[in-house]
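[1] Give me a 3D structure for the following:
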Amino acid sequence: MTDLRTPPVNDGDLFSQRARQYAQEKPLQRIHILEAGCGWGTGLDLGDREHHVTGVDLESPELRAYTCDRLDLDAWHLGDLRTVPLPPRAFDIVHASYLIERVPHAELVLDRFVAALKPGGLLLVRLRDRNTAFGFLDRTLPNWMHIGGRRRRVRPGRGPRGAHARVPDAPVPETAGTGPETAATRTAGNGRTSPPPAIYDRVASRSGMQWYCVMRGLVIAEEYTSRQAVRALGAGTGLAELLCRLVSVITRGRLPADHSEVTLVIRKPENRFARVI
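    Numbering: from 1, shown residues only. Modelled structure (predicted):
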């Protein structure tokens with residue numbers, strides 16, 4: 001395992017850089033990307049490299065509305081991530097940003113992503129770590145305190161490439177369940193949104209992902225931490241920082257306050273029987 005450290009660039013830029021580096025290793029082929037969690041956030045930037053992007057996420061009115069507005073998706077499916085169509089060994093890159101902590105049966109969902117990944121492919125994961133002071137607060141604080149977050153941005157489309165093959169799954173529900181506290185994305189008064197509410201299965205942590213990779217024979221090439229969610233939770237008041245430090249002290253460091261997210265660049269070995277050192 002690599003040492004924990006702060007990413008040298010913005011997390012989103014880091015993933016895009018690694019995706020472009022991967023594409024350079026495959027100069028003669030189209031890069032197939034699975035955008036896991038397409039209902040929130042932005043995709044990867046591969047520049048002018050030919051690629052095909054398929055989005056998957058949970059089904060909700062808000063996630064569907066955002067997915068429909070994205071111009072960078074060639075196809076998408078919303079629903080139960082245990083059953084959405086994912087052909088085996090079909091994708092070069094799986095990009096899962098703030099998804100693992102907010103899906104039920106996360107380990108099974110990860111298994112499906114890994115099975116859909118080509119040998120030698122990349123699994124790019126960013127998640128909020130449940131085994132931190134922030135993770136504890138995120139699970140226990142009232143919803144009204146979960147304000148702030150990062151601005152939702154839609155990356156411009158890649159330009160005309162023929163029809164974007166949007167794949168509708170089911171009619172969009174009317175307006176039931178779209179109140180401020182039941183929405184999949186909570187909006188603050190400054191027009192910014194936070195990631196959808198988290199469930200925090202046991203694998204949704206630094207140690208949980210390390211265990212998962214060891215058990216599945218995956219290689220963690222890079223591992224970083226950040227504190228973006230701590231800053232967003234407090235909305236600039238410093239309250240979240242104080243609460244996180246208090247939780248860390250009370251738990252004698254078992255729930256650390258030094259980070260809230262973990263960013264992982266994971267590679268699926270070319271040879272499934274290769275020994276992971």
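
[2] From now on I want contacts and neighbour counts done on CA atoms only, so please keep to that.
    Noted.

[3] what's next to stretch 248-263, contact-wise?
    With Cα atoms under 8 Å, 6 or more residues apart in numbering as the test, stretch 248-263 has contacts from 11, 124-129, 131-136, 205-206, 222-230, 244-245, 247.

[4] Show me where this protein has its helices.
    11-25, 61-69, 106-116, 133-140, 206-216, 228-234, 239-250 (DSSP state H).

[5] wait, which of these is closest to Thr42?
    Closest approach to Thr42 among the helices of the chain (Cα to Cα): helix 11-25, 8.3 Å.

[6] Just the buried ones out of the contacts of stretch 248-263, please.
    Among the contacts of stretch 248-263, those buried by neighbour count (16 or more other Cα atoms under 10 Å) are 11, 124-129, 131-136, 205-206, 222-227, 229-230, 244-245, 247.

[7] Pull the contacting residues for the spatially closest residue to His77 that is not a sequence neighbour.
    Using Cα to Cα, 6 or more residues apart in numbering and skipping the chain neighbours, the partner closest in space to His77 is Val56 (4.9 Å). Neighbouring residues of Val56 by Cα under 8 Å, 6+ apart: Leu34, Glu35, Ala36, Gly37, Cys38, Gly39, Trp76, His77, Leu78, Gly79, Leu81, Val84.

[8] just checking, which of these belong to strands?
    Of the contacts of Val56, the ones assigned to strands by DSSP state E are Leu34, Glu35, Ala36, Trp76, His77, Leu78.

[9] any idea how far the nearest residue to Asp129 once chain neighbours are set aside is from Glu107?
    Closest residue in space to Asp129, ignoring its immediate chain neighbours: Ser205 at 4.3 Å, by Cα to Cα, 6+ apart. Plainly put, Ser205 is 12 Å away from Glu107 if you go by Cα to Cα, to the nearest Å.

[10] just to revisit the earlier point, please identify which of the helices of the chain is closest to Lys268.
    helix 106-116 (7.6 Å).

[11] buried stuff in that closest one?
    Buried residues in helix 106-116 (16+ other Cα under 10 Å): Ala106, Glu107, Val109, Leu110, Arg112, Phe113, Val114, Ala115, Ala116.

[12] Does the first one touch Ile199 like I think?
    No. Because the distance of 9.4 Å does not satisfy Cα atoms under 8 Å, Ala106 is recorded as not touching Ile199.
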